[in-house]
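J.: Okay, here's the prediction I keep looking at, along with the sequence it came from:
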Amino acid sequence: MTTENKIRIGIIGAGNIGNVHAGEFSKLGEECIITAITDLDLNRAEKAAKQYGIEHVAASNEELIQRADIDAVIIGVPNQFHAPLAVQALEAGKHVLIEKPMGINSDAARQILRASEAADRVVMVAHQMRWESVAMQIKEQIDRGELGKIYTAKTGWFRRKGIPGWGTWFTQMDQSGGGPLIDIGVHMLDLALYLMGNPKPVSVYGSTYAEFGPNRKGIGTWGTPDWDGTYDVEDLATALIKMEDGSTLSLEVSWAVHMDTDNSPFIHVMGSEGGASYRGAEGKLLTEKFDRPIESVLSKADNDEGERARLSRHFLACIREDKQPITSVLTGLTNNLVLDAIYESSRTGNEVKLDWNLN
């Protein structure tokens, strides 16, 4: 592929996740080129540019978005900036890859939806767990009908001591939108709904708790704490989500909790003809034959290229082929609607019906 035909990418954010995207897309030199990168800390952007061979460091987000030599923008910044930057990029005619959650809340997600419809550009949410090898194997069996009718699922991610960046944007509601529910819970919610066949959530009952963070306990290793900052988000959340077709999903997540946990994400999908269990990098398919329980173990191949590589290729393919990504703007909005409902249910103590008004 000639340089003229390659998809030209700009990256907003040179922190941890921005570097992950820079590393992955820089490996796909036959299909794309990273034209520019920017960050509020331009020294950090300069360092990333040097590491990944990126020619330009833009002085601001606006400068990067307006560059004529960029086709697609990757947004890897705190949650509160996802919608403003995505809308700005779409209005400038760029395709967009957004880190999760798509919006800090459902109002922000609706802004992105409206902008994407007006711009007619690809918008994809970076839910890499859909591209993990075991999850893909489970999805293949579900799509073949091997599990029959999916009627319930249970998913979660219990970290025992994993509060990230105490006092930074991670732990401030107005910047992050929440704690582990919106941080890691959104991954499990997204993957569970995907495996269940994308049923439409209609109601939620949930509770959130903050027993560790306010007391500066449960601190993890991700991010650098700011002890002059604040902590006003949850550190554990639990919810029951009911779908339009009658199926249900149980969701439980924590950054910190006193329990016996291996800190791995998990999901159990239960169908009329079989089930699937997935924890960490391993999984099982479960059924019954000849009145006996049968299990098939799933694992990823030793030479597996990784979920981030497949995610990146999918984004580029959607741009080239003008197709909807499997983690579309609508799935991003669905996740935000459910998250908002869980927080509202926790505040009110009541079941919350989802508002599917997309305007």
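T.: Yes, it's here. In this text, all values refer to a predicted model and were calculated from it rather than measured experimentally.
J.: What is the burial count for the residue nearest to residue 126 when sequence neighbours are not counted?
T.: Leaving aside its sequence neighbours, residue 126 sits nearest to residue 99 (CB to CB, 6 or more residues apart in numbering; 5.0 Å). Quick note: C-beta positions are derived from backbone N, CA and C, even for glycine. Counted with other CB atoms under 10 Å, the neighbours of residue 99 add up to 21.
J.: Tell me how far residue 99 lies from residue 211.
T.: Relative to residue 211, residue 99 is positioned 28 Å away (CB to CB, to the nearest Å).
J.: And for residue 224?
T.: Going from residue 224 to residue 211 by CB to CB gives 23 Å.
J.: who has more neighbours, the two?
T.: Using other CB under 10 Å as the criterion, residue 224 and residue 211 rank with residue 211 on top: 15 against 9.
J.: I'd like to know how many residues surround the residue nearest to the more buried one when sequence neighbours are not counted.
T.: Spatial nearest neighbour of residue 211, chain neighbours left out: residue 235 (6.4 Å); criterion: CB to CB, 6+ apart. Number of residues near residue 235 (other CB under 10 Å) recorded here: 27.
J.: contacting residues around residue 65?
T.: The contact partners of residue 65, by CB atoms under 8 Å, 6 or more residues apart in numbering, come to 10, 12, 73, 85, 88-89, 92, 94.
J.: just curious, which of those residues is nearest to residue 43?
T.: Comparing the contacts of residue 65 against residue 43 with CB to CB picks out residue 12 as the nearest, at 16.0 Å.
J.: Specify the local secondary structure of the closest residue to residue 166 other than its chain neighbours.
T.: Nearest residue to residue 166, sequence neighbours excluded (CB to CB, 6+ apart): residue 225, at 4.3 Å. State at residue 225, reduced to three classes by DSSP: H, G, I helix; E, B strand; the rest coil: coil.
J.: so where's the stretch 151-300 of the chain uncertain?
T.: Applying pLDDT under 70 to the stretch 151-300 of the chain flags no residue at all.
J.: Residue 31 is in contact with residue 8, correct?
T.: No. Counting by CB atoms under 8 Å, residue 31 is not a contact partner of residue 8; they are 11.0 Å apart.
J.: burial measure for the spatially closest residue to residue 350 that is not a sequence neighbour, as a count.
T.: In space, and not counting its chain neighbours, residue 350 is closest to residue 205: 7.9 Å by CB to CB, 6+ apart. Here the count is done by other CB under 10 Å, and residue 205 has 17 residues near it.
J.: And residue 205, its phi and psi?
T.: phi -130, psi 120 (degrees, to the nearest 10).
J.: For residue 357, see how far away it is.
T.: Taking CB to CB as the measure, residue 205 and residue 357 are separated by 21 Å.
J.: Just the CA atoms of stretch 148-160, as CSV, please.
T.: This file holds the C-alpha atoms of stretch 148-160, laid out as CSV (Å, rounded to 0.1, in the frame of the first residue of the first chain):
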residue,chain,number,x,y,z
GLY,A,148,-29.4,-22.0,22.6
LYS,A,149,-31.4,-19.2,24.1
ILE,A,150,-29.3,-17.0,26.4
TYR,A,151,-31.5,-16.2,29.4
THR,A,152,-29.1,-14.9,32.0
ALA,A,153,-25.5,-13.9,32.6
LYS,A,154,-23.3,-12.9,35.5
THR,A,155,-20.2,-10.8,35.1
GLY,A,156,-17.8,-8.8,37.2
TRP,A,157,-14.3,-7.8,38.1
PHE,A,158,-13.2,-7.7,41.8
ARG,A,159,-10.0,-6.0,42.4
ARG,A,160,-8.9,-6.4,46.1
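J.: If you count neighbours, what's buried in that stretch?
T.: Across stretch 148-160, burial judged by 16 or more other CB atoms under 10 Å covers 150-160.
J.: got it, and stretch 211-222?
T.: Using 16+ other CB under 10 Å as the test for burial, stretch 211-222 gives 212-213, 218-220.
J.: ok, now stretch 239-256?
T.: Buried positions in stretch 239-256, judged by neighbour count with 16+ other CB under 10 Å: 239-243, 247-249, 251-256.
J.: Next: stretch 11-25.
T.: Buried, per 16+ other CB under 10 Å, within stretch 11-25: 11-15, 17-22, 24-25.
J.: Please identify which of those residues is nearest to residue 47.
T.: residue 14 (7.3 Å).
J.: give the contact list for the closest one.
T.: Counted by CB under 8 Å, 6+ apart, residue 14 has contacts 22, 37-39, 41, 44-45, 47-48.
J.: Ok, residue 38 next?
T.: 10-14, 45, 57-61, 63-64.
J.: Swap in 10 Å and give it another go.
T.: Neighbour list for residue 38: 10-14, 18, 44-45, 48-49, 56-65, 77 [criterion: CB atoms under 10 Å, 6 or more residues apart in numbering].
J.: What segments of the stretch 251-359 of the chain are strands?
T.: Counting by DSSP state E, counting those that start in this stretch, the stretch 251-359 of the chain has strands at residues 265-271, 275-279, 282-289, 292-299, 352-353.
J.: The second one pairs with which strands, parallel or anti?
T.: What it means is strand 275-279. With DSSP bridges as the test, strand 275-279 is paired with strand 265-271 (antiparallel), strand 282-289 (antiparallel).
J.: Deepest in the core, which of these is it.
T.: strand 265-271 (a mean of 22; mean count of other CB atoms under 10 Å).
J.: Need the contacts of residue 65 in TSV (columns: distance to residue 179 and pLDDT).
T.: Listed next are the contacts of residue 65 as TSV, based on distance: CB to CB, whole Å; pLDDT from 0 to 100:
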residue	distance to residue 179	pLDDT
10	30	98
12	24	98
73	27	98
85	23	98
88	27	98
89	28	98
92	33	98
94	31	98
